[in-house]
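**Q** Build me a model from this:
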Amino acid sequence: MITGYNTDVKHDGKVFHVQTEDKGIANPIIETLIYVGGGQIIASKQYNYVNLVVGGKCDDRAVSELLESQHRRMMRWVSGGKYDPKGPPPFGHTIVSDRSFDEVVLEFIRSQEGSDPIELVLEEVHPLPGQPAAFKILVRKETSNAPASGAQIAITLTSSAGKSAKLLAAAAGADGRLAGKVNLPAGASGVLLFEARHGGQVASIEVPVASS
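**A** The predicted structure is shown next:
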């Protein structure tokens, strides 16, 4: 497993924490989480490099390059306003491109796979045990920012004891958004998992739930 990155990015008066880590060969995923404020996770991004493992091309250098590229890309997206409450600025607001060579390579790999990864943005969530937890979710295409219309969304509560209970299964609207409430049992503690699926792509965010 490769050591990951943790970086604070200041943007529009806020401090965003960007954390990227490698899950290891047994679970070949590079995951980036973006935190803001008091530790609230607002977005996540996963890249599965199983193709490197299967092809016998997975070594520390290859994984490190993918990990660093993804981390720097997410930092640029934060500083560029992609996760602002009002949404990202319109395409073409700047004519200067800062894409690095390894980012171009990563785009090429994805194009060869014939997929456009999705990302899940948690715009609002208030997980309080014993109360309905309100949430607002946006699922969109990573490259184009286009909404992932009709994305399938599941919300699961995994207790500290390891027991899981599915709280909701629904589809996002044409705008890639879903809002609602799920009931959390009194005294619940563990992790609330938000998972989105669209066109074979998967994105997820975990939000801790602490018993009061």
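**Q** Quick check: closest non-adjacent residue to the residue lying farthest from the centre of the chain.
**A** Residue distances from the centre of the chain (Cα atoms, centre = their mean) peak at A186, which lies 28.0 Å from the mean C-alpha position. Excluding its sequence neighbours, the residue lying closest to A186 (Cβ to Cβ, 6 or more residues apart in numbering) is G130, at 3.6 Å. The way it works is simple: take the backbone N, C-alpha and C, and place the C-beta from them, glycine included.
**Q** For the one you found, pull up the helix or strand it's in.
**A** Under the criterion DSSP states H and E, no helix or strand holds G130.
**Q** Can you verify my assumption that it contacts G187?
**A** Yes: G130 is within contact range of G187, at 7.1 Å (criterion: Cβ atoms under 8 Å).
**Q** quick one: pLDDT of L106?
**A** Predicted confidence (pLDDT) at L106: the value is 57.
**Q** In three-state terms, label the residue farthest from the centre of the chain for me.
**A** Assigned with DSSP: H, G, I helix; E, B strand; the rest coil, A186 falls in the coil class.
**Q** Relative to K82, how far out is it?
**A** 37 Å (Cβ to Cβ, to the nearest Å).
**Q** hmm, which helix or strand of this protein has the shakiest average pLDDT?
**A** helix 101-113 (a mean of 53; mean pLDDT, DSSP states H and E).
**Q** one step back: tell me if I'm right that the residue farthest from the centre of the chain and V209 touch.
**A** No: using Cβ under 8 Å, A186 is not in contact with V209; the gap is 11.8 Å.
**Q** For Q40, grab the count of nearby residues.
**A** 13 (other Cβ atoms under 10 Å).
**Q** Tell me the bridge partners for it.
**A** Residues in a beta bridge with Q40, per DSSP bridges, are V36.
**Q** Show the model's pLDDT score for it.
**A** Looking at Q40, the pLDDT reads 84.
**Q** That one: what's it in contact with?
**A** 122, 125, 207 (Cβ atoms under 8 Å, 6 or more residues apart in numbering).
**Q** Could you find the closest non-adjacent residue to the first one?
**A** Once its chain neighbours are removed from consideration, L122 has its nearest residue in I205; the separation is 5.2 Å (Cβ to Cβ, 6+ apart).
**Q** Which secondary structure element is home to M74?
**A** Per DSSP H and E: helix 60-79 holds M74.
**Q** Packing partners of that helix?
**A** Contacting helix 60-79 under the criterion 3 or more Cβ pairs under 8 Å, 6 or more residues apart in numbering; DSSP states H and E are the following elements: strand 5-11, strand 14-22, strand 29-36, strand 40-48, helix 101-113.
**Q** Alpha carbons of it, in CSV - could you do that?
**A** Extracted C-alpha coordinates of helix 60-79, given in CSV (Å, rounded to 0.1, in the frame of the first residue of the first chain):
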residue,chain,number,x,y,z
ASP,A,60,4.8,1.2,-6.6
ARG,A,61,5.8,3.7,-9.2
ALA,A,62,2.7,3.2,-11.3
VAL,A,63,0.3,3.5,-8.3
SER,A,64,2.2,6.4,-6.9
GLU,A,65,1.8,8.3,-10.2
LEU,A,66,-1.9,7.7,-10.3
LEU,A,67,-2.3,8.6,-6.7
GLU,A,68,-0.4,11.9,-7.0
SER,A,69,-2.2,12.8,-10.2
GLN,A,70,-5.6,12.2,-8.7
HIS,A,71,-4.7,14.2,-5.6
ARG,A,72,-3.4,17.2,-7.5
ARG,A,73,-6.4,17.1,-9.8
MET,A,74,-8.8,17.3,-6.9
MET,A,75,-6.9,20.1,-5.3
ARG,A,76,-7.2,22.1,-8.6
TRP,A,77,-10.9,21.4,-8.7
VAL,A,78,-11.3,22.7,-5.2
SER,A,79,-9.4,25.9,-5.9
